[in-house]
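Trainee: kindly return the folded structure for what I paste below:
(chains A and B)
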There are 2 protein chains.
Amino acid sequence: MHTLPHDGLALAFLEEQLLQPGMKGLPITEPLRQGAIGVQGWNVLHADTSFPVAVLKTSSLLHNLDWMRRFCARYNVTLAPHGKTTMSPQLFGAQLANGAWGITLATATQVQVAHRFGVRRVLLANQLVAPSDVKAVLALLRGDPDFECIVLADSLAGVARLADAVGTHPLARPLPVLVELGLAGKRAGCRTPEEAITVARAIAGAPGLLLAGFEGYEGLLVSDDRAADLAAVDAFLAQLVALVRSADDEGLLTGAEIILSAGGSSYFDVVARGFGQVGGLSRPVRAVLRSGCYLTSDHGTYHRLLGELDDREGGGSGLRPALEVWSMVQSRPEPTLAILTMGKRDASYDADLPIPLLYHRPGPGTPHPVPSRCEIFKLNDQHAYLRLPEGHPLCTELGVGDLVGCGISHPCTTFDKWPLLLAVDDDYHVRGAINTCF
Amino acid sequence: MHTLPHDGLALAFLEEQLLQPGMKGLPITEPLRQGAIGVQGWNVLHADTSFPVAVLKTSSLLHNLDWMRRFCARYNVTLAPHGKTTMSPQLFGAQLANGAWGITLATATQVQVAHRFGVRRVLLANQLVAPSDVKAVLALLRGDPDFECIVLADSLAGVARLADAVGTHPLARPLPVLVELGLAGKRAGCRTPEEAITVARAIAGAPGLLLAGFEGYEGLLVSDDRAADLAAVDAFLAQLVALVRSADDEGLLTGAEIILSAGGSSYFDVVARGFGQVGGLSRPVRAVLRSGCYLTSDHGTYHRLLGELDDREGGGSGLRPALEVWSMVQSRPEPTLAILTMGKRDASYDADLPIPLLYHRPGPGTPHPVPSRCEIFKLNDQHAYLRLPEGHPLCTELGVGDLVGCGISHPCTTFDKWPLLLAVDDDYHVRGAINTCF
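Mentor: Numbers count the residues shown, from 1 in each chain, chains lettered A, B, ... in the order given. As a prediction, the model looks like this:
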């Protein structure tokens, strides 16, 4: 079990910064040094914070960090967790301190943020095309000999753009590029192995570029038929393995190692089994998983998908939901309706609406589980509509000023609504804060 | 026609701040003073910025500011535009300089932000219930004799919380409270005039509170049957007017004026007609509209609703969409599919998906309109899926590196994804930047 580190100069600066009144969740009327948050004695269950407030349960984070470190060791795979999920410097630091090889990111500006906070190896799992974005990444590589960034290409046009950029202003080392293999009807990526090999040859032949391996994203294969999904994932991974063998046979892969990467948060176990044992190539293979949502899981989509993953692994201690949004009942206008101080600005609504878990009258004691037939059925920008089961005692019990704790579905779209999340222990004492940089 | 002011100390500080590389949309590799953005010579159509980038068209903003000022003067109504839409200090400043009486907000932390940037009159159009949030608002009132904040209540429990807070630590002036009248099955607010009068009496009888008037939000009445919606809005407004008369007859309204407020961005013309002429009360009536989305309109929901509003007004120069998100084609994996560098992190997806408007090969010239059968049919966190019409020349023309400009539907959920938006002229030259504080 490792701890959450707060090291590096920029990270230290976050702790020293003065937070201004007006930051969501913070109950302050004067500027407060971020590092002092943990000693204010705030407890969410005592309604000491502002509401809504987003909290990260430290025990779950630590459990998940440790779980993933052990998982990767077991399968001989490398982790470059997707940082776009949290965009949190402190969480990047915790992931790197717990065995992550690098951080995966989606955009050039995300790479700039990560670099500023000390991340020194990035897998930019995306096509890098805009001139200013190419320039931004190359500037980091030129300015910092310790920085590594691997990018994707899925077209000759994309390769030409990268080749031109490094051709004009050469780098000290060639820019590593992975060819993206895609899926018919899905997102980016070459649609056939033939196209992928053509792109691979272009990279291998371009001065200043290095063909570092192949990449795909199987996480788009989520349908109502999981057996079919899993078969499609297996087939896709096999196609990627065949591709890397074919490129190696052709001598296109000339780096010190060969990178083979896939793995969102739905099927990274399948990827680990599919990629962890690939051998017999001219160079060692590094199988890189990119799950971002393992770190916090959730109470919706990823809870279900990671539960299935845990079952495939034989069941165990599983990944634990770490992210909750707490709000307050602001209105009880009808017997079965409570309006909460939380809306689209505060919680994910793309996969599912927030899931009410607990309610509590502020003060001592432990919160009660919300009855299963309670649901949030609508969000406005700043309000949630909580439906109470008709005739349930809660219809009279739940009052204005009571707290409701919600789980969310899809952490990425909750993190991006909070510049600051509060880290809490199991009793909801506030122990610190975590920044995001979206 | 007024200009966009940038005054006040905190606002001036925004212009002086050093922006770090990694801020979405900014093509910088070194820190840049925000005030220098307008002299960099960047043009979105030349792909000088990072992508995606959110832009505000200054000419449309100015048109809309002026349109609304004239509209309010015509109907003798007051504007307190909802600031939660943009949470932008510069846009608050522009609204106040163009006749707005105050800024409407939804949460205590939003009030703190607005106060810091010089807003001195806030309509907090929400129940204020959490102790720390009550304390935060009262602290602003205690610390600044020039600051005014009006809040809502819709329950005796809510009134008691406010009365207790001002009872413990009295304010120099009583806290003005509006009673919220609601709609059956909808959000907060008393469900009957009787309940509303009961709450009004409690406010009038509480030392330290002032019954300032009544409030409702008719904007929830949007269905597929607009004629029925408009009839329901009329009935709701009539109920509010009857309520204020009844409270006035009872002598509950003892302030210098009586506030009567409604008006989201769908029907504020109906509200203006319904409230602008209310008289015969013991005190002058101030009819306060709260539209937030008039400022930027959009290319979706509000374009349609504001178009209907314009038709009801007899048709005219209308409100103009001011907000666009531009991204780049990063992959052309299939003949009818383009993947754009823009996703759920960058554009609204709650009302409609982004609406592709223009495409352009970076460089001189003007962008082309996107054919009507093009549509964005899916967003991931960081990607958009653009479907091209089968057989259309665009299927071969549109290439990796081309730009696509999109309109959005529901400005509130695009603003909150951008800490910084770029202000552009009609030729997409970048003239400055606008901050948001979510």
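Trainee: now the element after the longest helix along chain A, going C-ward?
Mentor: Ranked by residue count, the top helix of chain A under DSSP state H comes out as helix A:226-249. Sequence order places strand A:258-261 as the next helix or strand after helix A:226-249, per DSSP states H and E.
Trainee: got a list of contacts for that following strand?
Mentor: A:80, A:123, A:125, A:150, A:176, A:178, A:212-216, A:240-241, A:244, A:248, A:275, A:278, A:281-290 (Cβ atoms under 8 Å, 6 or more residues apart in numbering or on different chains). The way it works is simple: take the backbone N, C-alpha and C, and place the C-beta from them, glycine included.
Trainee: which neighbours does it have in its sheet, and in what orientation?
Mentor: Sheet pairing here is set by DSSP bridges, and for strand A:258-261 it gives strand A:209-216 (parallel), strand A:285-289 (parallel).
Trainee: what residues does the stretch 201-350 of chain A put near chain B?
Mentor: A:328-334, A:337, A:339, A:341, A:344-345, A:349-350 (Cβ under 8 Å from any Cβ of the partner chain).
Trainee: out of the residues you listed, list just those in helices.
Mentor: Per DSSP H, those never map to helices.
Trainee: re the thing from before, let's have the strands paired with strand A:258-261 in CSV, adding mean pLDDT and mean neighbour count.
Mentor: Converted to CSV, those look like this (pLDDT from 0 to 100; neighbours: other Cβ atoms under 10 Å in any protein chain shown):
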stretch, mean pLDDT, mean neighbour count
strand A:209-216, 98, 26
strand A:285-289, 98, 25
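Trainee: nearest to residue B:235, out of those?
Mentor: strand A:209-216 (57.4 Å; Cβ to Cβ).
Trainee: residues touching that closest one, excluding its own?
Mentor: A:125, A:150, A:152, A:159, A:162-163, A:166, A:173-183, A:189, A:196, A:200, A:203-204, A:236-237, A:239-240, A:243-244, A:247, A:252-255, A:258-262, A:286.
Trainee: same thing with stretch A:150-159?
Mentor: Residues outside stretch A:150-159 that contact it (Cβ under 8 Å, 6+ apart) are A:122-129, A:137, A:162, A:175-180, A:182, A:188-190, A:196, A:198-199, A:202-203, A:206, A:209, A:212, A:215, A:259, B:330-333, B:399-401.
Trainee: name the helix or strand of chain A that has the lowest mean pLDDT.
Mentor: Ranking every helix and strand in chain A by mean pLDDT, DSSP states H and E puts helix A:9-16 at the bottom, with a mean of 85.
Trainee: list only buried entries from the contacts of stretch A:150-159.
Mentor: The neighbour count (16 or more other Cβ atoms under 10 Å in any protein chain shown) marks A:122-129, A:137, A:162, A:175-180, A:182, A:188-190, A:196, A:199, A:202-203, A:206, A:209, A:212, A:215, A:259, B:330-333, B:400-401 as buried among these.
Trainee: what comes up buried for the helix or strand harbouring residue A:166?
Mentor: Residue A:166 belongs to helix A:156-168 when elements are defined using DSSP H and E. By neighbour count on 16+ other Cβ under 10 Å, the buried set for helix A:156-168 is A:156, A:157, A:158, A:159, A:160, A:161, A:162, A:163, A:165, A:166.
Trainee: distance of the closest residue to the fifth one other than its chain neighbours from residue B:335?
Mentor: Across the structure, with Cβ to Cβ, 6 or more residues apart in numbering or on different chains as the measure, the residue nearest residue A:160 apart from its sequence neighbours is residue A:202 (7.8 Å). Shown here: residue A:202 relative to residue B:335, a distance of 21 Å by Cβ to Cβ, to the nearest Å.
Trainee: which ones among the contacts of stretch A:150-159 are found in strands?
Mentor: Judged by DSSP state E, strands contain the following of those: A:122-127, A:175-180, A:209, A:212, A:215, A:259, B:330-333.
Trainee: how much space is there between residue A:44 and residue B:169?
Mentor: Taking Cβ to Cβ, one finds residue A:44 at 24 Å from residue B:169.
Trainee: neighbour-wise, which of the two wins?
Mentor: Remark: of residue A:44 and residue B:169, residue A:44 carries more neighbours, 24 against 11, as counted by other Cβ atoms under 10 Å in any protein chain shown.
Trainee: and the more buried one, its phi and psi?
Mentor: As for residue A:44, its main-chain torsions (degrees, to the nearest 10) stand at phi -60, psi -40.
Trainee: residue A:423 is in contact with that one, correct?
Mentor: No - here residue A:44 does not reach residue A:423: they are 11.2 Å apart, not a contact under Cβ atoms under 8 Å.
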